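Chemist: The following comprises the amino acid sequence and a computationally predicted model.
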There are 2 protein chains.
Amino acid sequence: MSIKHVILGYLSWQPLTGYDLKKIIAASETLPWSANNNQIYRALVQLHEDGWVSKMVENQEGAPDRHVYRATDAGRKALRDWVQTPPGPPQSKKAFLHQLMWGDCLEGEQVDSLLAAYLEEVNNKVFLLRVQADRKPDTPDRTPREAFLWKSICQNWIGQYEAEAHWIRETRRALQENAPRWG
Amino acid sequence: MSIKHVILGYLSWQPLTGYDLKKIIAASETLPWSANNNQIYRALVQLHEDGWVSKMVENQEGAPDRHVYRATDAGRKALRDWVQTPPGPPQSKKAFLHQLMWGDCLEGEQVDSLLAAYLEEVNNKVFLLRVQADRKPDTPDRTPREAFLWKSICQNWIGQYEAEAHWIRETRRALQENAPRWG
DNA sequence: GATGACATGTAATTCGTTACATGATTCC
DNA sequence: GGAATCATGTAACGAATTACATGTCATC
C-alpha cells in the first residue's frame, strides 16, 4: 500500500488531480508503478475516505471537471508517520541475471552479445535518469535541505545503474580473457 | 511469467520436487519470489502441460509421494530460447527512497537515524549474500564457465548493496556537514 | 480525418502473498 | 507434548497491468 503514501507525499507538496499524478508517475524513472488509472483513482478515493486529502471540484467549460486533491493536516501527520517507519532494504528484480544463470548453454559470443545488449539498456537508463535530473518541473525544493535530498535520491539511482554498467564491463572482460580456456 | 523459466532452469540442472524448489527459492536472497506454494505448484503443472518437464512419482512409505520433475529436451530448448531473449534493465523498488523524498518534514537527527537504520538493513543484506556465496549446495558448476557466471552474478548483488551502503554514508556525511546551515 | 492532450473512471485478468488443510516422522 | 521437516496441494485476498469506455478541444 505504498502508492497511497507516495501520492500523499506529492499532495502534501502541491494540489494535484488524478491526471496530474498519472503524468508524474508515468514520467518518473524511479516510481515503480505503471501509472495505471485503476490504482491511482482508487488510491485517491481511499485517501479521501481516510480524511488524509481534501477534494475540490473545478468546473470547466467544454472539458471534464478537474477533481483537485490536496493533503489535509491529518494527511500531513500520516505522511510524517510513514516517513519515519523503519526502512526496509531495497528490492531489485534483475530478470537478466536469471537468464544469465543458465547462460552456459550458449556460445561464448552469444553470452557476450547478451551482455552488450544489457549494457545498452542500462546505459539508456542512466541517460534517462540524467535527463530527468536536469529538468525539474515535478521536483519540490521548498528548502535547501529538501533540494539536497531530492538531488541525493536522484544520484542514488544514477549510481546504481552506473555500478551495473561497471559490472557488465568487468564481466565481459573476464569472459573474453578466459574464452580461450573455456570456449 | 518469469518464475516458470527460473524453475525450468533449475530443473535443467537437476531433478527436483516442488518442495525442493520451494526451499531453494526461500533460501535465495536474489530470487524475488516468496516461495509460495501456489505459484510453484501451478508453475510445475503448467511446465508439465507445455511438455517442458517430465514428472516421475516416487512412492515413499509413511510419507507423501515425491513428484520429481526434470527438464525435457523441449524444455531445454525453451530455456535456451528464453536465455537469449533481449535483456531488460533491472528494476528496483527502494521504498525507503520514497520515504526520504518527504524527509524534509523531519528533524535533522531523525533523518540521520533513518539513514542509519537503512544502512543496517543494507549491511545485513550484504552479510546474508556473502554467507550464501560461501556455501553452495544449490549452485551448479558443471563447467568452469558456469561456475564463473554464478560467482559473477553473486558479485553483482553484493556490489549493488555495497554501492547502496556507500551512498548512505556519503549522504549522511553531507547532511551532517550542512546541518548548521539548514537545521 | 486522425492523433494526442485533457480528464474521469471501470472491467477483466494476471501476479503474488498469506493462510489454510492434511498427515507421517523425528528431534527436543 | 510441541515443534520442525518432509511433501502435497487449495482458498482467499490483495496488488498490478492491460484494456475498455466516454467526451471535448487543438493540432497536423
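Modeler: It's in. Numbering: from 1, shown residues only, chains lettered A, B, ... in the order given.

Chemist: Identify the residues contacting stretch A:77-88?
Modeler: A:5, A:8-9, A:12, A:50, A:52, A:71, B:95-96, B:99-100, B:102-103, B:105-106, B:110, B:114, B:117-118, B:121 (Cβ atoms under 8 Å, 6 or more residues apart in numbering or on different chains). C-beta coordinates here come from the backbone N, C-alpha and C atoms, glycine included.

Chemist: Which residues belonging to it are considered buried?
Modeler: A:78-79, A:82-84, A:87 (16 or more other Cβ atoms under 10 Å in any protein chain shown).

Chemist: Closest to B:Lys23 out of those?
Modeler: Nearest to B:Lys23 among those is A:Pro87, at 28.5 Å by Cβ to Cβ.

Chemist: For B:Arg173, state which of the buried residues of stretch A:77-88 is nearest.
Modeler: A:Pro87 (18.2 Å).

Chemist: A helix includes the closest one, no?
Modeler: No. Looking at A:Pro87 with DSSP: H, G, I helix; E, B strand; the rest coil, it is coil, so not inside a helix.

Chemist: In stretch A:27-42, which residues are buried?
Modeler: A:29-33, A:39-40.

Chemist: Residue ranges of each domain in chain A, please.
Modeler: A:3-83, A:95-182 (automatic domain parsing).

Chemist: Tell me where the longest helix sits in chain A.
Modeler: Ranked by residue count, the top helix of chain A under DSSP state H comes out as helix A:144-178.

Chemist: where's A:Pro90 relative to B:Val57, distance?
Modeler: Using Cβ to Cβ, to the nearest Å, A:Pro90 is found at 41 Å from B:Val57.

Chemist: who's more crowded, the two?
Modeler: More crowded of A:Pro90 and B:Val57, by other Cβ atoms under 10 Å in any protein chain shown: A:Pro90, with 20 against 9.

Chemist: List phi and psi for the more buried one.
Modeler: phi -70, psi 150 (degrees, to the nearest 10).

Chemist: Tell me if I'm right that it and B:Trp167 touch.
Modeler: No. Using Cβ atoms under 8 Å, A:Pro90 makes no contact with B:Trp167, being 10.6 Å away.

Chemist: Tell me who's in contact with the residue nearest the centre of chain A.
Modeler: Nearest residue to the geometric centre of chain A (Cα atoms, centre = their mean): A:Thr30, 1.5 Å. When contacts are counted by Cβ under 8 Å, 6+ apart, A:Thr30 is found next to A:129, A:153-154, A:157, B:94, B:97.

Chemist: let's go with 10 Å and repeat that
Modeler: Listed by Cβ atoms under 10 Å, 6 or more residues apart in numbering or on different chains, the contact set of A:Thr30 reads A:129, A:132, A:153-154, A:156-157, B:92-94, B:97-98, B:101.
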